[in-house]
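Enquirer: missing the sequence, but the structure's below:
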């Protein structure tokens, strides 16, 4: 519909321009120079006719032969007149010009005969050259006046037409202004809608990232429970030991208090004092009280491990919207390795950390990327004989790199181009959502980095995450 409307408007504009051009061309068709030249040629013809009359008169009086007129003189004057007069485009000019030409040819022939001594002077006088010249001059003047009047009419029409076109242009300008305002309003509304939609999409993306994060955490619940159970056993054993020794410690306190009271009493019985002292020595002879301190330390150590694991889980599962802070890459990888310990199981994990600067990024998002890569590496390798290498280094002065390599089964060549596609997975049903690598790719891309993958079937796979040291402007905003 828009194309048809544009075509119609273009055709109308072309027709208006063509009409204006036609009127402009017609208003300037009169050739004033042609009119002046035609008048000059007519004057030459009158002069030739007058000269012929003088020659005939002189010949009649002297009766002596004279010089015959040059025929080319009036022919040249007629040709010049014809060339200019016909530019006026009057229907009567052609007939009048033919009559003048016939009269001049006839008179030129008679004048030659008169000058040759023949008695045809009266016939020469009777040729109506003057009358036909006057008629031709009148026709030419009327033609010039008609052409001038027609030109004035076209000029007037051009003026009216120009005013009409200007009025149309004014109306078009008003309509265009209204359309522009309407378009601006629609663009503003559409922009607002797009901004709102973009906000909802970003919110959905954030929730999707969080959902994948919680899904990964859900898969590790059993392993995390195992990780908590070990230090919890320290705490339980320490508390049970402390409980069993709490009675001895209380009895020691009571016997010691009684001994101090006897010592302070000057009239105390020496036998009773000896009994109390022996009781205190017997209690102190039991070495279990001395082990109480180390057992309590073991319990506190177990509690510290549990607290550290809980804090790591809490930091990892916290809903983040891309806040940018300083991030120690090596420390972040260490934290993620603790979270993934249950998934890694008995696989050999080798850490090769380089000297890295603190970078600006979203720490929780980068930890999630590393966790996804570690979980994928664990799932691609057998627990017995599986090996995973985590390496950090400087890729260049402006970028750091995190590598996760495994000795698993590798990725087939035909599958490699699809691994970052949303919902694409080669895992069994229920073991993967197909969003881990896709979300990781989006996160790294939003940070201005990239993920490289090198895989050989039967040899293993290496993922390399390259991140800029300085946060991207879009992420920082």
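Expert: Looks like it came in fine. Bear in mind the structure is a predicted one, so any value in this text is a computation, not a measurement.

Enquirer: can you classify residue 471 by secondary structure?
Expert: Here residue 471 is recorded as coil under DSSP: H, G, I helix; E, B strand; the rest coil.

Enquirer: repeat that for residue 412.
Expert: coil.

Enquirer: which positions in stretch 449-461 come out as buried?
Expert: 449, 451, 455, 460-461 (16 or more other CB atoms under 10 Å). Where C-beta positions appear, they are placed from N, C-alpha and C, glycine not excepted.

Enquirer: scratch that, stretch 375-389
Expert: In stretch 375-389, counting by 16+ other CB under 10 Å, buried: 375-378, 380-381, 386, 388-389.

Enquirer: who does residue 352 bridge with?
Expert: residue 391 (DSSP bridges).

Enquirer: what pLDDT does the model give it?
Expert: Confidence at residue 352, expressed as pLDDT, is 93.

Enquirer: ok so, going back, farthest-separated two in the buried residues of stretch 449-461?
Expert: Largest separation among the buried residues of stretch 449-461 by CB to CB: 449 and 460, giving 22.7 Å.

Enquirer: mind listing which of the buried residues of stretch 449-461 are in strands?
Expert: Under the assignment DSSP state E, those contribute 451, 455, 460-461 to strands.

Enquirer: and the helix or strand harbouring residue 335, average pLDDT?
Expert: Using DSSP states H and E, residue 335 sits within helix 329-339. The average of the pLDDT scores along helix 329-339 is 87.

Enquirer: repeat that for stretch 463-477.
Expert: Mean pLDDT, stretch 463-477: 75.

Enquirer: repeat that for stretch 111-131.
Expert: If you average the pLDDT over stretch 111-131, you get 79.

Enquirer: if you count neighbours, what's buried in it?
Expert: Buried, per 16+ other CB under 10 Å, within stretch 111-131: 111-112, 114-115, 120-121, 123-124, 127, 129.

Enquirer: if I look at the closest residue in space to residue 351 that isn't next to it in sequence, how far off is residue 176?
Expert: Among residues not flanking residue 351 along the chain, residue 390 sits closest, at 5.3 Å (CB to CB, 6 or more residues apart in numbering). For residue 390, the distance to residue 176 (CB to CB, to the nearest Å) stands at 64 Å.

Enquirer: how about residue 462?
Expert: In terms of CB to CB, residue 462 sits 61 Å off from residue 176.

Enquirer: who has more neighbours, these two?
Expert: Neighbours per residue, other CB atoms under 10 Å: of residue 462 and residue 176, the larger number sits with residue 462, 18 against 12.

Enquirer: show me the contacts for that one.
Expert: By CB atoms under 8 Å, 6 or more residues apart in numbering, the residues touching residue 462 are 403-406, 453-455.

Enquirer: at 6 Å what do you get?
Expert: When contacts are counted by CB atoms under 6 Å, 6 or more residues apart in numbering, residue 462 touches 405, 454.

Enquirer: show me what it is bridged to.
Expert: As for beta bridges, residue 462 partners with residue 405, residue 454 under DSSP bridges.

Enquirer: got it, and the one 4 residues further on?
Expert: Here residue 466 sits in beta bridges with residue 401, residue 450, as judged by DSSP bridges.
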